[in-house]
Each structure stands twice: as C-alpha cells, then as structure tokens.
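Student: Predicted model, plus sequence, below.
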Amino acid sequence: MVSDITAAAVANPSPRALAEAIEANQLLAEYLDELKDHIHFEDEGITVDVEGERVHFQNSDDFAEWMAGEMS
C-alpha cells in the first residue's frame, strides 16, 4: 500500500501526490515505531497514537484497511 502510493508520487510528482506519499510514510513509520515495542502484537493487537488520535489495530490487515481509508 505505502509502496504503491510512493511509486505513484514518483511517477506523477504533483504536490498532492507527494503530500500523500509523505503522509503514508509517516503513518507507516508511527505504526512500526509502536510495533517494535510490542512482542505479542498478534495476540493482543496494538494501539497507536496517530496525530493525537488513539487507534487500535488487531493485526496488520487492520492497519492496511485503516490506511486505505485514510488515503482515500
């Protein structure tokens, strides 16, 4: 998902496409920062603070679905 958004921004470097790629990469970085501290992620999920909002993801699919909604 993030790689698709980034590839689209590189192929069409409009300000909007670049902003979306930056946002997608920032969201992924925040998610991964939280994930690295949670060994039992698959058992209990993870709650991430995204731009002041607490979002809970049960698994990676939840994150991908949420991110797709954020980017649309």
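Tutor: Perfect, thanks for sending it.
Student: Where does Val48 sit: helix, strand or coil?
Tutor: Of the three states, Val48 takes strand according to DSSP: H, G, I helix; E, B strand; the rest coil.
Student: Asn12 versus the closest residue in space to it that isn't next to it in sequence, what's the distance?
Tutor: Using Cβ to Cβ, 6 or more residues apart in numbering and skipping the chain neighbours, the partner closest in space to Val48 is Glu34 (4.5 Å). C-beta: built from backbone N, CA, C; applies to glycine. Counting by Cβ to Cβ, to the nearest Å, the separation of Glu34 from Asn12 is 31 Å.
Student: who has more neighbours, those two?
Tutor: Applying other Cβ atoms under 10 Å to Glu34 and Asn12 shows that Glu34 carries more neighbours, namely 17 against 10.
Student: In contact with that one, which residues are there?
Tutor: Listed by Cβ atoms under 8 Å, 6 or more residues apart in numbering, the contact set of Glu34 reads Ile46, Thr47, Val48, Asp49.
Student: ok, Leu35 touching Thr47?
Tutor: No: Leu35 is beyond contact range of Thr47, at 11.0 Å (criterion: Cβ atoms under 8 Å).
Student: Let me see the ranges of the strands in this structure.
Tutor: Applying DSSP state E to the chain gives strands spanning 46-50, 53-57.
Student: Kindly confirm whether my reading is correct that Val55 touches Trp66.
Tutor: Yes: the pair Val55 / Trp66 is scored as a contact, 6.6 Å apart, by Cβ under 8 Å.
Student: Just give me the longest helix of this structure.
Tutor: Using DSSP state H, we find that the single longest helix of the chain is helix 15-35.
Student: For it, buried residues please.
Tutor: Going by neighbour count (16 or more other Cβ atoms under 10 Å), the buried part of helix 15-35 is Ala17, Glu20, Ala21, Glu23, Ala24, Leu27, Leu28, Tyr31, Glu34.
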